[in-house]
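Novice: I'll drop the sequence and a predicted model, then ask my questions.
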Amino acid sequence: MASSQVKSTKTSTISIGLCGAAGRMGREIFRSVALSSDIHIVKAYETEEHRFLGAKLGDAVFEADTVDSFLEDCQVFVDFSAPPQRVLDHLKIAAERKVGAIVGSTGIDDKTRDAMQKFAQKIPLLYAANMSLGVNVLMALAQKTQEILGGGFDVDIIETHHRGKQDAPSGTSLMIEQQLRLVDKEVEVRHHSVRAGDVVGEHTVQFTGIGERLELIHRATSREAFTKGTMAAIRFIARQQPGFYDMRRVLGI
């Protein structure tokens, strides 16, 4: 694996390590952190075969390092790497070092989620397949709508993402379904996935009854929506005790 020590004189109250730093979200987080006064990236992490190895991203230069040393200077670890097993490997070390963690990776299955909850007994850990504040409000509204409407309505989740997105349905769609099942575990939810162009992300939760249809829609027009949520999550998790958290806790809903 590979990481980078960020050479910067900027002072900060929250020192973070960023995994998946050269990806779409990683690059956006770099830009947001550069504009903040209270968050500082001390380490940026990627796989050792990554094409950015040795290149600069802002003040960071990607250099070879170990996962263990990557976490030694961090208060909060932010992980956007993809494979679930890699996420668990990182969390194991974070738990040993008592470093708070935020996981924004998609494709997290129930088995991985259960394992994450065990790590959360030792460290504050926040997991969200989608860090957007608006999407997490959408989830709360979908849950409340299911509560109010009850049975008798067909439920469909339609999501559209850029053509490079591999997982379908999206992690966000599965999280919406999970919220609906907290109201009615027997609810039938149909998923519809579209992969096209450069769409950042769009989710529609559609409740269809006889003679009427209700739609809840969230559209992300730039990845800034996700980075705003990530920054809020960093500030939240930095002051929490061990536990398993989500973005609704950050929003207070």
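Specialist: Perfect, I can see it now. Numbers count the residues shown, from 1 in each chain.
Novice: does Ser173 sit in a helix, a strand or a coil?
Specialist: Per DSSP: H, G, I helix; E, B strand; the rest coil, the secondary structure class of Ser173 is helix.
Novice: tell me the helix or strand right after the worst-scoring helix or strand of the chain on mean pLDDT.
Specialist: The weakest-scoring helix or strand in the chain, judged by mean pLDDT, DSSP states H and E, is strand 2-5 (a mean of 42). Using DSSP states H and E, the helix or strand that follows strand 2-5 in sequence is strand 14-19.
Novice: residues in contact with that following strand?
Specialist: Residues from elsewhere that reach strand 14-19, judged by C-beta atoms under 8 Å, 6 or more residues apart in numbering: 3, 26, 29-30, 33, 38-46, 70-71, 73-81, 90, 99, 234-235, 238. Just so you know, the C-beta spots here come from the backbone N, C-alpha and C atoms, and that holds for glycine as well.
Novice: could you turn the buried ones of those into a ChimeraX selection?
Specialist: Only the buried entries of those go into this ChimeraX selection, using 16 or more other C-beta atoms under 10 Å:
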select :3,26,29,30,33,39,40,41,42,43,44,45,46,70,71,74,75,76,77,78,79,80,81,90,99,234,235,238
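Novice: just the contacts of strand 14-19: which are in strands?
Specialist: 3, 39-46, 76-79 (DSSP state E).
Novice: from these, pick the one nearest Met131.
Specialist: Relative to Met131, the closest of these is Val78; by C-beta to C-beta it sits at 9.8 Å.
Novice: what's near enough to touch Lys228?
Specialist: Taking C-beta under 8 Å, 6+ apart, one finds 32, 132-133 in contact with Lys228.
Novice: that's a helix at it, yeah?
Specialist: Yes: assigned with three-state DSSP, Lys228 falls within a helix.
Novice: where's it relative to Asp154, distance?
Specialist: Separation of Lys228 from Asp154 (C-beta to C-beta, to the nearest Å): 33 Å.
Novice: which residues does the residue sitting nearest the centre point of the chain contact?
Specialist: Central residue of the chain (C-alpha atoms, centre = their mean): Gly104, 2.2 Å from the mean position. Listed by C-beta under 8 Å, 6+ apart, the contact set of Gly104 reads 25, 78-80, 127-131, 226, 230.
Novice: just the buried residues from these, in PyMOL please.
Specialist: In PyMOL, a selection of the buried entries from the contacts of Gly104 looks like this (16+ other C-beta under 10 Å):
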select buried, resi 25+78+79+80+127+128+129+130+131+226+230
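Novice: got JSON lines for the contacts of Gly104, with pLDDT and distance to Glu212 too?
Specialist: Below are the contacts of Gly104 laid out as JSON lines (pLDDT from 0 to 100; distance: C-beta to C-beta, whole Å):
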{"residue": "Met25", "pLDDT": "79", "distance to Glu212": "38"}
{"residue": "Val78", "pLDDT": "90", "distance to Glu212": "42"}
{"residue": "Asp79", "pLDDT": "87", "distance to Glu212": "42"}
{"residue": "Phe80", "pLDDT": "81", "distance to Glu212": "40"}
{"residue": "Tyr127", "pLDDT": "94", "distance to Glu212": "35"}
{"residue": "Ala128", "pLDDT": "91", "distance to Glu212": "32"}
{"residue": "Ala129", "pLDDT": "84", "distance to Glu212": "30"}
{"residue": "Asn130", "pLDDT": "88", "distance to Glu212": "28"}
{"residue": "Met131", "pLDDT": "91", "distance to Glu212": "33"}
{"residue": "Phe226", "pLDDT": "89", "distance to Glu212": "33"}
{"residue": "Thr230", "pLDDT": "93", "distance to Glu212": "37"}
